[in-house]
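Visitor: make a model of this:
(chains A and B)
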Amino acid sequence: MQQQVGNKISREMKFLSNNIIEMKNIIKSFYIGTPNELNILKGIDITVKEGEFVSIIGTSGSGKSTLMNIIGALDRPTSGNYILDGTNIDEISDNGLSEVRNKQIGFVFQTYNLIPRSSALKNVELPMLYYGMNKKERRERAEELLDLVGMKDRMSHQPNELSGGQKQRVAIARALVNDPSIILADEPTGALDSSTGRMVMDLFHKIHEEEGKTIVLITHNNELANETQRIITLRDGNVTSVADNEKYYRRFKEEEKICL
Amino acid sequence: MFIKENILLAIAGLKSNKMRSLLTMLGIIIGIASVIGVVSVGNAMTSSVTSQMASMGATNITVNVQEKSTTSTTTKNNTSTNTKNSNGSSQNSAGSSQGGNKGTQTSGSSQNGNKGVQASGGGIPGIGGAPGGGGNFGGGRQGKSSSTAKDIDLMTMDQINTLQENFSDEISSISMNESDVSGKVKNETTFANINTVGTNVGYQDVKNIEMQKGRYLAQNDIDEVKNVAVVSDKLVSKIFGNTDPIGQDIKVYTSNAIFTYSVVGVYTYKASGNSRTTSDDNLTTDLYVPITVAKKTATNKNYQTFSIKPKDGVDVQTFTTEVSTYLSTLYAKNNKFEAVASNMESMLESRTTMMNTVSMAISGIAGISLLVGGIGVMNIMLVSVTERTREIGTRKALGAKGSHIKMQFIVESIIICSIGGILGILLGLGLGTIGAKAMGFVNTVSASVIIISFSFSMFIGVFFGYYPAKKAADLDPIEALRYE
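Guide: Numbering: from 1, shown residues only, chains lettered A, B, ... in the order given. Next comes the predicted model:
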């Protein structure tokens, strides 16, 4: 507990001095050296501050997914510099990338990607298992987060016994367990109907506001992007606009409160 | 910590695909079961044969007077073997073919000695378990049919007694026998086939003859050349029925004479190992009479062969050498003949080795089915990796290292093979027991075989699980996550 408090303090200090994501001139090419060399990202500069709720939008083929893979430490850029919460990503080994994903990134996928035949609880415990926490800690923390997303009463259910919205809530709990630097959500409402999608988005706002989490939302849906504080638009591998959406976001949040 | 989680995960995976898991295990089950089955039947046979041979006196030392192999002093090549073989056949008509087959080793002389054991005990219950224990009258014939051995070349009773005195610390008893005529014992209504065997007192001890009634032959029966006999219980039930045979006279009708003996004891007849399925009506049993009585009609008055039963705890091999040395000094002046002491231990060993070799060979064939089973496991593991590509991608995204994924799949493969191994061991034990029972042996399974096969099945799990696990660990997380 004390360590968590410590983490929070250090993160708040970082907020004053550092950015969580610092990308400079990120280039990603495929089939390098062959005639059909493909430049997907052509020099991306992005910074995301601690506690921000940012969305990255772009049509398919804009390089969105490639950028997400690099942000999520699933892939390394061909060139350029990426610092995630003080860690220089392009300098570390594959095992190092695994650790970065484990400790600093919380993934939320469009298709939930829960492990089949494992209960919700086991799914939420999984990142902590790779982290190396003991059983008791894992169990306590998993229950705490399942409670946060409102899934505690279903924690012994297996994924095939849960609805889409419930699965996504378990996935969000799983993304949060190791207290990551960022939550990286890739079209989290893409497979959900509008009302459950709304519920999931509300959960992200709650995590953002109450837990102070940094969230990067990747979507092609402008409406969803409009709910976030800042919108980064990608086109053909370049960032075409970084729009501060603070005012609209505030207004949206107030409307939200009136609605409630 | 990971191991336990991985085991639980693997078991959950197997449960969700029961039929496939079972089929995958089947290869391992059959492989392990056949190895265990073969080995346990082999063990049962070996131990059964060993105990059989021990009970009929495999530790006994046989002394045999035989012609000196003259070639051994001139040349030591193949011709010497031939000479020995022909030598054996000339001496032992009953066991000659065996001598010819076996006498290919340089220890041709000890082979002859072995034949002596079989031959001299030919008429004894239980001796039939000896390999091809054919020569029923071998002991007697050996003396008679020998073309050159004369009484002067053979051992006298005195010499044998001196031998016994000299080695009184090692020798439990010495048995001599002289197979005499075979014939019929008759009463008013029926008859029983018998072989008359002249024996000394030590014969009972050496051949493990159990008395049912009365006594065995005593020393004064032999010294005084008394016409007394020890008969089998089979004969008693046939000839005497319920009346007490002790003290009664029996008449033995041979082709040209009638002998009368007074019954002093009844021994328990033991069926020999490969007992011929003759009915009790035609059963031929031994009638033991004092050896001096049998010698009256025998060609040789002295002894060509006799058996020594060493005391418990005496090292048979060493003692055999000692007796041999003693005998060679005794026969030092005889140019034509020598007395050779030998025992069956070496043959016992070679028989055990042979059986082990056969077991190994069959196990090797069974091992091939294990190999096939292992390939089946590998195949299914590859399918499983492909099927769970997305899961692997997710795990990697959540921070699993390559080693975590590798471990997960290797553990799963080990679990499949271990469960298959356990089922295979149980099946093999069952088959082994049935097989051993069907062949009439007592089933004995050594724990080492079970442990070895279980560890081997786990090894198969590691070996055939490694490649699929490596493949899973090397998957690119991005492509794995995108995999449909």
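Visitor: and the gap between the residue in chain B that chain A sits nearest to and residue A:96?
Guide: Going by CB to the nearest CB, chain A is nearest to residue B:399 of chain B, at 2.2 Å. In this view, the C-beta of every residue, glycine as well, is placed from N, C-alpha and C. Separation of residue B:399 from residue A:96 (CB to CB, to the nearest Å): 11 Å.
Visitor: residue at max distance from the center of chain A?
Guide: Distance from the centre of chain A peaks at residue A:35, with 35.2 Å (CA atoms, centre = their mean).
Visitor: now the host helix or strand of residue B:455: how far from the chain's centre is it?
Guide: Counting by DSSP states H and E, the element that carries residue B:455 is helix B:447-473. Distance, stretch centre to chain centre, for helix B:447-473: 35 Å (CA atoms, centre = their mean, to the nearest Å).
Visitor: on the C-terminal side of it, identify the next helix or strand.
Guide: Counting by DSSP H and E, what follows helix B:447-473 is helix B:477-482.
Visitor: quick check: which helices or strands does the helix ranked longest in chain A pack against?
Guide: Looking across chain A with DSSP state H, the single longest helix is helix A:194-211. Helices and strands touching helix A:194-211, by 3 or more CB pairs under 8 Å, 6 or more residues apart in numbering or on different chains; DSSP states H and E, are strand A:53-57, helix A:164-176, strand A:182-186, strand A:214-219, helix A:246-259.
Visitor: got the angle for that helix vs strand A:53-57?
Guide: 140 degrees (axes from the mean of the first three to the mean of the last three CA atoms, to 10 degrees).
Visitor: buried sites along helix A:194-211?
Guide: By 16 or more other CB atoms under 10 Å in any protein chain shown, the buried positions in helix A:194-211 come out as A:196-197, A:199-201, A:203-205, A:207-208.
Visitor: closest to residue A:168 among these?
Guide: For the buried residues of helix A:194-211, the residue nearest residue A:168 by CB to CB is residue A:200; the value is 5.2 Å.
Visitor: please list the residues of chain B that sit near chain A.
Guide: Contacts of chain B with chain A, taken as CB under 8 Å from any CB of the partner chain, map to B:1-2, B:5, B:9, B:12-13, B:16, B:390-391, B:393-402, B:404, B:477-478, B:481.
Visitor: residue ranges with poor pLDDT in chain B?
Guide: Scanning chain B for pLDDT under 70 picks out B:1, B:53-58, B:69-149, B:271-281, B:346.
Visitor: in it, where's the longest helix?
Guide: helix B:345-387.
Visitor: how many degrees apart are it and helix B:447-473 in direction?
Guide: Calculated by the same axes, to 10 degrees, helix B:345-387 forms an angle of 20 degrees with helix B:447-473.
Visitor: other SSEs contacting helix B:345-387?
Guide: helix B:18-55, helix B:402-438, helix B:447-473.
Visitor: will you turn these into TSV that also has distance to residue B:169 and mean neighbour count?
Guide: As requested, those are exported to TSV (distance: least, CB to CB, whole Å; neighbours: other CB atoms under 10 Å in any protein chain shown):
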stretch	distance to residue B:169	mean neighbour count
helix B:18-55	22	20
helix B:402-438	41	21
helix B:447-473	38	19
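Visitor: can you name the residue of chain A nearest to chain B?
Guide: residue A:102 (2.2 Å).
Visitor: let me know how buried that residue is, in neighbour terms.
Guide: By other CB atoms under 10 Å in any protein chain shown, the residues close to residue A:102 number 25.
Visitor: any idea which helix or strand carries it?
Guide: Assigned by DSSP H and E, residue A:102 falls in helix A:94-104.
Visitor: hmm, back to that, by mean pLDDT, show me the worst of the helices and strands packed on helix A:194-211.
Guide: Mean pLDDT is lowest for helix A:246-259 among the helices and strands packed on helix A:194-211, at a mean of 70.
Visitor: any idea what the most centrally placed residue in chain A is bridged to?
Guide: The centroid of chain A falls nearest to residue A:184 when counting by CA atoms, centre = their mean (1.2 Å). With DSSP bridges applied, residue A:184 shows beta-bridge pairing to residue A:107, residue A:216.
Visitor: does it touch residue A:105 like I think?
Guide: Yes. Using CB atoms under 8 Å, residue A:184 is in contact with residue A:105, at 5.7 Å.
Visitor: now the common contact residues for these two.
Guide: residue A:72 (CB atoms under 8 Å, 6 or more residues apart in numbering or on different chains).
Visitor: A helix includes residue B:182, no?
Guide: No. Counting by DSSP: H, G, I helix; E, B strand; the rest coil, residue B:182 falls outside a helix, being strand.
Visitor: that one: what's it in contact with?
Guide: Applying CB under 8 Å, 6+ apart to residue B:182 gives the contacts B:137, B:193-196, B:254, B:284.
Visitor: ranking those by neighbours, who comes first?
Guide: residue B:194 (26 neighbours).
Visitor: partner strands of the helix or strand containing that residue, parallel or antiparallel?
Guide: For residue B:194, the enclosing helix or strand under DSSP H and E is strand B:191-199. Strand pairing for strand B:191-199, using DSSP bridges, gives strand B:177-186 (antiparallel), strand B:284-290 (parallel).
Visitor: and residue B:343, how many residues sit next to it?
Guide: 25.
Visitor: and what of residue B:367?
Guide: As a burial measure, residue B:367 scores 15 neighbours (other CB under 10 Å).
Visitor: check contacts around it.
Guide: B:31, B:35.
Visitor: just residue A:70 next, same as before
Guide: Residues counted as contacts of residue A:70 (CB under 8 Å, 6+ apart) are A:23, A:26, A:28, A:41, A:76-77, A:82, A:89.
Visitor: try residue B:374
Guide: Counted by CB under 8 Å, 6+ apart, residue B:374 has contacts B:27-28, B:417, B:460, B:463-464.
Visitor: and those, which two are furthest apart?
Guide: Using CB to CB, the contacts of residue B:374 reach their maximum pairwise distance at B:27 and B:463, which is 13.7 Å.
Visitor: re earlier: any chance of the helices and strands packed on helix A:194-211 in JSON lines, plus distance to residue B:225?
Guide: Formatted as JSON lines, these follow (distance: least, CB to CB, whole Å):
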{"stretch": "strand A:53-57", "distance to residue B:225": "121"}
{"stretch": "helix A:164-176", "distance to residue B:225": "104"}
{"stretch": "strand A:182-186", "distance to residue B:225": "113"}
{"stretch": "strand A:214-219", "distance to residue B:225": "117"}
{"stretch": "helix A:246-259", "distance to residue B:225": "128"}
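Visitor: picking up where we left off before, and the two most separated of the contacts of residue A:70?
Guide: The most widely separated members of those are A:41 and A:89, with 14.2 Å between them, by CB to CB.
Visitor: between these two, which one's more packed in?
Guide: Taking neighbours as other CB under 10 Å, residue A:41 and residue A:89 compare with residue A:41 leading, 26 against 22.
Visitor: could you list the buried residues of the strand or helix carrying the more buried one?
Guide: Per DSSP H and E: residue A:41 is located in strand A:38-49. Residues A:39-41, A:43-44, A:46-48 are the ones in strand A:38-49 that count as buried (16+ other CB under 10 Å).
Visitor: can you check stretch A:20-28 too?
Guide: So, applying 16+ other CB under 10 Å, buried residues of stretch A:20-28: A:20-23, A:26, A:28.
Visitor: distance to residue B:40, pLDDT and secondary structure for the residues you listed - can I get that in a markdown table?
Guide: Formatted as a markdown table, those follow (distance: CB to CB, whole Å; pLDDT from 0 to 100; DSSP: H, G, I helix; E, B strand; the rest coil):
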| residue | distance to residue B:40 | pLDDT | secondary structure |
| --- | --- | --- | --- |
| A:20 | 67 | 91 | strand |
| A:21 | 67 | 93 | strand |
| A:22 | 70 | 92 | strand |
| A:23 | 68 | 93 | strand |
| A:26 | 67 | 94 | strand |
| A:28 | 64 | 93 | strand |
